[in-house]
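here's a sequence, model it:
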Amino acid sequence: MKILIDNIEIEGLEALMGQKVTLMCGCYFYTGKLIGVNDTCVKLSDAAIVYETGPHGTANWTDSQPMPGDWYVQTAAIESFGVWK
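This is a model prediction of the structure:
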């Protein structure tokens, strides 16, 4: 597992460590605080699965359901990601 370190230029998922991110995957969107990244998966705390986004400019999801505890998502399933809502 890689961890966030100050003053080192990083890109991709590692650059978003510690932030609330949205992962767009083949079937679902996942959101939560990105707390871990490795070669095969990412780890989210306060994770939720998003069933309906609602208007993109709004602050909250129309329908998101919390996942139990920390949640892992396979990096191979991620189509795109970023900080959103």
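
could you tell me how many residues sit around the nearest residue to T31 once chain neighbours are set aside?
Closest residue to T31 apart from its sequence neighbours, by Cβ to Cβ, 6 or more residues apart in numbering: T22 at 4.7 Å. From N, CA and C alone the C-beta is placed, and that goes for glycine too. For T22, the neighbour count with other Cβ atoms under 10 Å is 19.

secondary structure of T22: a helix, I assume?
No - assigned with DSSP: H, G, I helix; E, B strand; the rest coil, T22 falls outside any helix and is strand.

what sits against it?
Going by Cβ atoms under 8 Å, 6 or more residues apart in numbering, T22 touches 29-31, 50, 81-85.

apply 10 Å and report the result again.
Residues counted as contacts of T22 (Cβ atoms under 10 Å, 6 or more residues apart in numbering) are 29-32, 48, 50, 53, 61, 64, 80-85.

alpha carbons only: can I get the lengthiest strand in the chain in PDB?
Identified as the longest strand of the chain according to DSSP state E is strand 41-52. What follows is strand 41-52, C-alpha atoms only, in PDB (Å, rounded to 0.1, in the frame of the first residue of the first chain):
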ATOM      1  CA  CYS A  41      -7.100  -2.100  -5.700                       C
ATOM      2  CA  VAL A  42      -8.000   1.100  -3.900                       C
ATOM      3  CA  LYS A  43      -9.400   1.400  -0.400                       C
ATOM      4  CA  LEU A  44     -12.200   3.800   0.400                       C
ATOM      5  CA  SER A  45     -13.400   4.900   3.900                       C
ATOM      6  CA  ASP A  46     -16.900   6.200   4.400                       C
ATOM      7  CA  ALA A  47     -17.700   4.600   1.000                       C
ATOM      8  CA  ALA A  48     -21.000   4.600  -0.800                       C
ATOM      9  CA  ILE A  49     -22.300   3.100  -4.000                       C
ATOM     10  CA  VAL A  50     -24.000   5.700  -6.200                       C
ATOM     11  CA  TYR A  51     -27.200   4.500  -7.900                       C
ATOM     12  CA  GLU A  52     -28.300   7.900  -9.300                       C
END
